[in-house]
Each structure stands twice: as structure tokens, then as C-alpha cells.
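Visitor: Take a look and give me a structure for this.
(one chain, ligands or ions: 1)
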Amino acid sequence: MERLVRRLEEDRSLLEPDRLRERLEALDRLDASLAFLPDVSEGVPGVGLKDAELSVRARAVCARLEAANSELYKAIRGEIQLGRGPEALLRWVQASSVEAGGGAAASGVGYDTLDELVSGVLQFEEPDAGDVAREPEMVFYQPTPARHIFDLIGGDLIGLGGLGAEDVVVDLGSGMGHVPLLVSICTGASSVGIELEAAYVERARQCAQRLNVKKATFFCEDARVADLSRGTVFYLYTPFVGSILRDVLDLLRQEAANRRIRICTYGPCTAVVAEEPWLEAAKAPEMDWIVLFRSRD
Ligand SMILES: C[S@@+](CC[C@H](N)C(=O)[O-])C[C@H]1O[C@@H](n2cnc3c(N)ncnc32)[C@H](O)[C@@H]1O
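Guide: Numbering: from 1, shown residues only. A predicted model of the protein is given here:
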């Protein structure tokens, strides 16, 4: 721990904007170590002088690194507000991804430095307590890990042409709106979030308004009664299971009777969607990644 703190104290270049990934990784390591060191500002009796000093130094390093990140997030938010989101955000997405540090992107759930970047940029306020009476088949809120969202946005997954200005991406069960917000910040597409929980919808709308993202709109409603007629791409991070999923897939099938649609799934609902005869998977479904399906002609 002492060596880590000394190295971080000496490396002043760590405060330069470009060292975001290293800062995020350093903060993770410091956080983990600080769990074992008391916060002496709270006056813990019986703490040795050495530990107290180290705790103060480590917290000072954290504060400096966090201040550098806050400056950067503020600058990125400013660019997004001016409509320069794709260049402003995607550049940092590449720079802060695990792969940029020589690692391999992890499959499955689990959050990383990219999620910290996204949360620093979107800056959601804590939502009020939810008041929806949930049916047992409705799944609780959990955001899609950011690396999967950027995989979706990046174009590889959505397939030829990626997401264009003519696309409307509908997130069914959109929670606080990470997917619609990032889609509309980083691509030419419009997006719609449909979410049952009013407190989440409120936070998503607030974020869109503060970032001046006009192409992302949010509706507080049950996906079973939502207007799906504008959507070209539908995203489901297993928002519901059983009969609700069945009902919504039937609605999507009706939409597909009029036009070709794409459906992207993540999590356990992928296995159910893969059984739909009117859809074909772009490639063999992998449960730990977002899977793309296209409606058949
Ligand atoms: C696993 S979270 C996914 C959140 C978001 N799509 C994302 O990927 O970040 C599922 C969300 O679906 C919402 N949900 C569950 N049943 C719903 C329904 N019938 N209609 C609309 N939203 C629903 C939940 O409130 C929850 O926020």
C-alpha cells in the first residue's frame, strides 16, 4: 500500500486528462486498500501513527485523481451539450476500455472502468424509492454493463450499416436510460426508453435534458401497452420473463409483419428469443453477450 501511494504521489502525469484509464484503475486499487485503513479524520482511537499518515496520504491522492476525473467529465458533458457527443465520448470510451490497457473485455455481467466513465458523464441523481407494484415476472433494475452497450453502438453487432439517422432504438424496460442515452449521444439514431418505474423515467429525462440530448425520449408505461410502431431496433436486457415476455414478443412479431426489425437481447431472455421462428440470429447466440436477431421476410 505504501509503495502504491508513493508511486501515485510521484507520478504527476497521472493528472493529465489522457491518463483516465490509469486513474480509474488506481482509484479502484486505492479504494480496495482503504477499506482496511481507518479514515483518521473521523478520529479513530488506537490507530498507529504510520497507518494514520498512510490513510491521510492515500485519501489525498484519491481526492486529486477524482478532481482530475471530474474536470474531464465536465468537459465531455460540455461537448455533448453542444451536440459533439460521438467524438467527445467515443474517444474516451476507447481510451478507458479494459482492452486499451492490454486486457480482454469480460463477457457477462460485471462492471469495469467503462461504467465509471459513463456514470461520471451521465451523472444520474439517486432515484426516489419506486412505487410500482411489480408482478413476479418483472425483473428488477440492473443496468447493462457499458462495454456491452458500446459493443451494440459500435456497429459490429448491429450489422451492416450500424445505426443510422433513420433508426429508432427502443429499450423495453429502460431503467435509468443508459442504453437510449448512449445510443443518441454516440450515433445518429433516435431512441426511446419504455420503463414501468416512474422514478427511473424521471432520472432518465433529467439526464437527457441536462445533456441537451433531444433524440432520446422516455415513456413511463408497461411494455405490453407501449406504441412500438416507430422502432427499428428493440433492445431487451431481460426486463421480464414468462407470460409478459411472451406477450411482448407477440407484439414485436406483429410489428415485424409490416417491416423488418432487429431485436437485441442480453441475459436469460436470449434463450427464449432464440426459439422464435420468425427471427434469425445474426450469429450463434452467446448468453454472456448481446445477441442480434433479425426478423425474417
Ligand atoms: C434488467 S433492467 C434493464 C435496464 C436497462 N434496459 C438497461 O439495460 O440498462 C429491467 C428493467 O425493466 C423494467 N420493467 C420490468 N417489467 C416491465 C414492464 N412490463 N414494462 C416496462 N418496464 C419493465 C424494470 O423496472 C427494470 O428497470
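Visitor: Identify the residue spatially nearest to the closest residue to the ligand within the stretch 51-200 of the chain, adjacent ones excluded.
Guide: Using Cβ to the nearest ligand atom, the closest approach of the stretch 51-200 of the chain to the ligand is made by residue 173 at 2.4 Å. The C-beta positions use only the backbone N, C-alpha and C, and glycine is treated the same way. In this structure, residue 173 finds its nearest non-sequential neighbour in residue 239, 2.5 Å apart by Cβ to Cβ, 6 or more residues apart in numbering.
Visitor: Need the contact partners of the worst-scoring helix or strand of the chain on mean pLDDT.
Guide: Least confident helix or strand of the chain, by mean pLDDT, DSSP states H and E, is helix 85-96 with a mean of 84. Outside helix 85-96, the residues that touch it by Cβ atoms under 8 Å, 6 or more residues apart in numbering are 18, 20-21, 24, 72, 75-76, 79-80, 100, 113-114, 116-117, 121, 146, 150, 182, 184-187, 213.
Visitor: Show me which of these are buried.
Guide: Neighbour-count burial within these applies to 20-21, 24, 72, 76, 79-80, 113-114, 116-117, 121, 146, 150, 182, 184-187, 213; the criterion is 16 or more other Cβ atoms under 10 Å.
Visitor: helix, strand or coil for residue 127?
Guide: coil (DSSP: H, G, I helix; E, B strand; the rest coil).
Visitor: For the stretch 151-297 of the chain, which residues are neighbours of the ligand?
Guide: Residues of the stretch 151-297 of the chain lying close to the ligand (Cβ under 6 Å from any ligand atom) are 171, 173-175, 178-179, 194-197, 200, 222-224, 237-240, 244.
Visitor: re the thing from before, check contacts around the residue nearest to residue 173.
Guide: 138, 139, 172, 173, 223, 269.
Visitor: 10 Å instead, please
Guide: Contact partners of residue 239, counting by Cβ atoms under 10 Å, 6 or more residues apart in numbering, are 137-141, 171-175, 194-196, 223, 245, 248, 267, 269.
Visitor: Which of the residues you listed fall in helices?
Guide: 245, 248, 269 (DSSP state H).
Visitor: ok, those residues vs residue 154, which is closest?
Guide: residue 269 (21.8 Å; Cβ to Cβ).
Visitor: Name the nearest residue to that closest one, ignoring sequence neighbours.
Guide: Among residues not flanking residue 269 along the chain, residue 238 sits closest, at 4.1 Å (Cβ to Cβ, 6+ apart).
Visitor: What of residue 57?
Guide: Per Cβ to Cβ, 6+ apart, closest to residue 57 is residue 5, 5.2 Å.
Visitor: repeat for residue 249
Guide: Using Cβ to Cβ, 6+ apart and skipping residues adjacent in sequence, the residue nearest residue 249 is residue 276, 6.2 Å away.
Visitor: Could you do residue 290 as well?
Guide: Distance criterion Cβ to Cβ, 6+ apart; nearest residue to residue 290, sequence neighbours excluded, is residue 266 at 4.7 Å.
Visitor: so how many other residues sit close to the one you found?
Guide: 24 (other Cβ atoms under 10 Å).
Visitor: What of the one 5 residues further on?
Guide: Using other Cβ under 10 Å, residue 271 has 13 neighbouring residues.
Visitor: for the one 4 residues further on, same thing?
Guide: Around residue 275 sit 8 other residues, with neighbours defined as other Cβ under 10 Å.
Visitor: That one: what secondary structure?
Guide: Applying three-state DSSP: residue 275 is coil.
Visitor: Contact partners for residue 207?
Guide: 121, 122, 123, 124, 125, 176, 177, 178, 181, 213, 216, 218.
Visitor: Okay, and residue 152 sits in which element?
Guide: helix 146-153 (DSSP states H and E).
Visitor: follow-up on the earlier one: got phi/psi on the residue nearest to residue 57?
Guide: Main-chain torsions, residue 5, degrees, to the nearest 10: phi -60, psi -40.
Visitor: what do you get for residue 280?
Guide: Torsion angles, degrees, to the nearest 10, at residue 280: phi -130, psi 140.
Visitor: do the same with residue 192
Guide: Main-chain torsions, residue 192, degrees, to the nearest 10: phi -130, psi 130.
Visitor: Can you give me the neighbour number for the nearest residue to it once chain neighbours are set aside?
Guide: Distances taken as Cβ to Cβ, 6+ apart place residue 170 nearest to residue 192, at 4.7 Å, with adjacent residues excluded. Residue 170 has 28 neighbouring residues, counting by other Cβ under 10 Å.
Visitor: what about residue 170, distance to residue 277?
Guide: Residue 170 is 22 Å from residue 277, where distance means Cβ to Cβ, to the nearest Å.
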